[in-house]
Every structure is written in structure tokens, then in C-alpha cells.
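Engineer: model this:
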Amino acid sequence: MIKQLYKYFWLTPVFIFIQIYILNQVLFNGYINPYFYIMLIICLPQITPRWFLLTFAFFLGFFLDVFEGSIGFHSTACVMIAFIKPAIERIVIPKNTIHAEQDLFLQKLGFKMFTVYAFMLIFIHHAILFLLAHFKLATFTDILGKITLSSFITFVIIIVCQFFFFNSERRK
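Structural biologist: Model prediction:
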């Protein structure tokens, strides 16, 4: 299990680099910003110890906050989805669907199950992030649009990444 979690440590700088230097530079219409880095939290195995899940999520969000100059928005959103991730897994992923130590990839969960599971976590993450960063009652509909569109774009990027880069995981 510990050996399996090491790959997430090695992937973290890559995902942070992609997020900061590529995705944060590409604002679609100045309105939509995909947050691809949360795929690391989404794909952690079910058996991941709670303390590791919360600590990993905090530091992942913290590093993004440091590089973006925000004041805890990403770390708060990441810790929140890490906190509710086990509950969503119990609701969406039936028992004995996969082994608890397997990564939660699209190829292992199946398209329908992964999309429901991933989109729920993505939407919650984006809702927390954008409400903390941009909340004003006068612009609530704008924030709701930004949450929805950014969640959808993030979801599409994660699905495409799952199909192309994690396709070899199915064979294991």
C-alpha cells in the first residue's frame, strides 16, 4: 500500500506544474478555469488511510495556494473533498466492485460509475473554491455558471487523461 502511494508523491510536482504553467494560463473566455490537479485526490485508492488522504490533500492545495498567491482557497477545497471522498465512494461505488487497494481509475470502475463519482467530487471542489474566492450575493448566478462550466471542463480533461494516459492500468 505504501509503495502504491509513493507514485502520488512523484506525480504531485508534475500535476502542479501542469496546473500552474499551462492550465492557469488558459482561461476560457476569462471565465472558465479547469483544475486538473484534483485528479490525484480522486484516484487515490479506497483503502488510503484517512490521515494520509487529508494530509496529502492539504499539501496539494497548499502548494497551489503558494504558487497562485491565494490565501488557502485550494487547500480548503482539497481538504473538504478529501474529507467527503470516503462517503461518496460508499454511495457511488458498490462493495466488491474493485479491490480496495486499487486506484480509482475510469478503466477499473467503468464509465458510468467513474463519471458520477468524479463529477460529484469535482463539482464540490469547484463550488467551495469559487464561493470562497469570488462570493458576492450580487454575482451568485455568475459564480454558479463559473462553477458549472469549470467543473464540466475539468471533468472532460480528467476523462480524456484517463482514456489516454491510464489506459495501461486496465491491463494490470
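
Engineer: next, residue 32: phi, psi?
Structural biologist: Dihedral pair for residue 32: phi -110, psi 130, per degrees, to the nearest 10.

Engineer: so what does the strand or helix carrying residue 9 touch, helix or strand wise?
Structural biologist: Using DSSP states H and E, residue 9 falls within helix 2-21. Here helix 2-21 touches helix 39-42, helix 50-68, going by 3 or more C-beta pairs under 8 Å, 6 or more residues apart in numbering; DSSP states H and E. From N, CA and C alone the C-beta is placed, and that goes for glycine too.

Engineer: now do the first one: everything it contacts.
Structural biologist: Pointing back at helix 39-42 there. Helix 39-42 is contacted from outside by 8, 11-12, 15, 53, 56-57, 60, 78, 81-82, 85, 104, 117-118, 121-122, 158, 161, using C-beta atoms under 8 Å, 6 or more residues apart in numbering.

Engineer: list the buried residues in the top helix by length along the chain.
Structural biologist: Taking DSSP state H as the criterion, the chain has its longest helix at helix 140-165. Neighbour-count burial for helix 140-165, counted by 16 or more other C-beta atoms under 10 Å, picks out 143, 146-147, 149-155, 157-159, 162.

Engineer: distance to residue 33 for those residues - can I get that in JSON lines?
Structural biologist: Shown next, in JSON lines, are the buried residues of helix 140-165 (distance: C-beta to C-beta, whole Å):
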{"residue": "143", "distance to residue 33": "13"}
{"residue": "146", "distance to residue 33": "8"}
{"residue": "147", "distance to residue 33": "11"}
{"residue": "149", "distance to residue 33": "9"}
{"residue": "150", "distance to residue 33": "6"}
{"residue": "151", "distance to residue 33": "11"}
{"residue": "152", "distance to residue 33": "12"}
{"residue": "153", "distance to residue 33": "8"}
{"residue": "154", "distance to residue 33": "9"}
{"residue": "155", "distance to residue 33": "13"}
{"residue": "157", "distance to residue 33": "11"}
{"residue": "158", "distance to residue 33": "14"}
{"residue": "159", "distance to residue 33": "18"}
{"residue": "162", "distance to residue 33": "20"}
